[in-house]
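Trainee: let me see the structure of the following:
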Amino acid sequence: MEAINLNRLAYFAAVVGTGSFTRAADRLGITKTVVSQQVARLEAELETSLLIRTTRRVEPTEAGRMLYARCVMILREAEDAVDELSEARAEPMGVLRIAAPNDYGASMIAPLAVGFARRFPACTVDLVLSDARADLVADHIDVSIRVGWLDDSTLQARRIGTFRQLLVASANQLGTIAAREPEDLAALPFIANGALREPLLWHFARGDFDRRAVRMRQALSINTTTAVLAATLAGGGLSVLPDFQVADHLGSGRLVEVLPEWSLPSGGIHAVYPAARFRPPKVTAFVAMLVDEIRRSERNR
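Mentor: Model (predicted):
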């Protein structure tokens, strides 16, 4: 059998989909005669009848129904491929609306947005920072950057990075911290992040088998990570903070890591998208820049 003319599959699918040669011709923007001739040639090539023609309607045969189901899939894949290529060639433009939590948004997303706007001058950025979860549809968000653990597995999300949680204290407090094991921490003042579900219960790990759960003693509770950091720098107590927020302070010596031989659970950095078949070039370009920046940061840890 010679190679099938794919245009004929499109003509055949249009006839079945509309139930009429005339309506199929109107949909395709060609004459009814051309549609009829091409479908007849397709039947000749396949050596089988695909359609039952009546005065009122055209119905597919059993073989026609099988072929139609495949044609729909083939044509949809072809349309998707063309759309993807078109998007890949397109220049990012328009307003890119990004949602992110306050701490990560200020330390990572805001500087990156400046570079993005410079690279793509036809695109402007609207950055919405809040520790509350944004409604991507109602708030018209193109992409939401979420830090931590995703609750809803039905979201269209991509894990683009990770972060470590570190137990830290002000360098000025170091002399007052007498802790050799995680259990010793329970007697020390702790600054809790009230935005977390379990701000006082922390799980420590060392090696493959040593696991300890410790409930901290709350000295202060604050509902934003940025304020928790400020209180920790002021000597208010121990706290658990993400590495991207304390890296500079650890480097300068203002903060110290407590029990560094023990680790806390790592979290993920996710790009979350509204449900859509394709993503605009402005979204894919921004996420690609963010992934590159995250990888650079992880190499420098």
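
Trainee: and the helix or strand where T226 lies, what does it pack against?
Mentor: According to DSSP states H and E, T226 maps onto helix 225-233. Helices and strands touching helix 225-233, as assessed by 3 or more CB pairs under 8 Å, 6 or more residues apart in numbering; DSSP states H and E, comprise helix 102-104, strand 165-170, strand 189-193, strand 217-222, strand 239-242, helix 243-252. Heads up, the C-betas are built off the backbone N, CA and C, glycines and all.

Trainee: point out where the stretch 51-200 of the chain drops to low pLDDT.
Mentor: Low-confidence segments of the stretch 51-200 of the chain (pLDDT under 70): 84, 86-89, 152-155.

Trainee: all helices for it, in order.
Mentor: Assigned by DSSP state H, counting those that start in this stretch, the stretch 51-200 of the chain shows helices spanning 62-89, 102-104, 110-119.

Trainee: quick one: neighbours of H249, just the number.
Mentor: Using other CB atoms under 10 Å, H249 is surrounded by 18 other residues.

Trainee: my read is that it contacts L233, right?
Mentor: Yes: H249 is within contact range of L233, at 6.8 Å (criterion: CB atoms under 8 Å).

Trainee: what touches both of these two?
Mentor: L255 (CB atoms under 8 Å, 6 or more residues apart in numbering).

Trainee: residues in contact with V125?
Mentor: 95-96, 98, 113, 116-117.

Trainee: swap the cut-off to 10 Å and go again
Mentor: 95-98, 109-110, 112-114, 116-117, 142, 282, 286 (CB atoms under 10 Å, 6 or more residues apart in numbering).

Trainee: could you do F12 as well?
Mentor: Going by CB under 10 Å, 6+ apart, the list of residues near F12 reads 24, 35, 38-39, 42-43, 46, 50-51, 60, 64, 67-68, 71.

Trainee: next, it: secondary structure please.
Mentor: helix (DSSP: H, G, I helix; E, B strand; the rest coil).

Trainee: any buried residues in stretch 169-182, and which?
Mentor: 169-171, 173, 177, 179, 182 (16 or more other CB atoms under 10 Å).

Trainee: who's in contact with it?
Mentor: Against stretch 169-182 from outside (CB under 10 Å, 6+ apart): 167, 184-191, 202-206, 210-214, 231-239, 249-250, 252-259, 262, 264.

Trainee: start and end of that stretch, how far apart?
Mentor: By CA to CA, to the nearest Å, the extent of stretch 169-182 from end to end equals 14 Å.

Trainee: ok, now stretch 226-239?
Mentor: 12 Å.

Trainee: quick one: buried residues of it?
Mentor: Applying 16+ other CB under 10 Å to stretch 226-239 flags 226-229, 231-233, 236-239 as buried.

Trainee: and for stretch 114-133?
Mentor: Those would be 116, 120, 123, 125, 127, 131, for stretch 114-133 by 16+ other CB under 10 Å.

Trainee: stretch 52-63 too?
Mentor: Of all the residues in stretch 52-63, those buried under the rule 16+ other CB under 10 Å are 58, 60.

Trainee: which residues make contact with the helix holding T226 from outside it?
Mentor: Contacts for helix 225-233 (CB under 10 Å, 6+ apart): 101-104, 106-107, 131, 147, 168-173, 190-196, 199, 219-222, 224, 236-242, 245-246, 249, 254-255.
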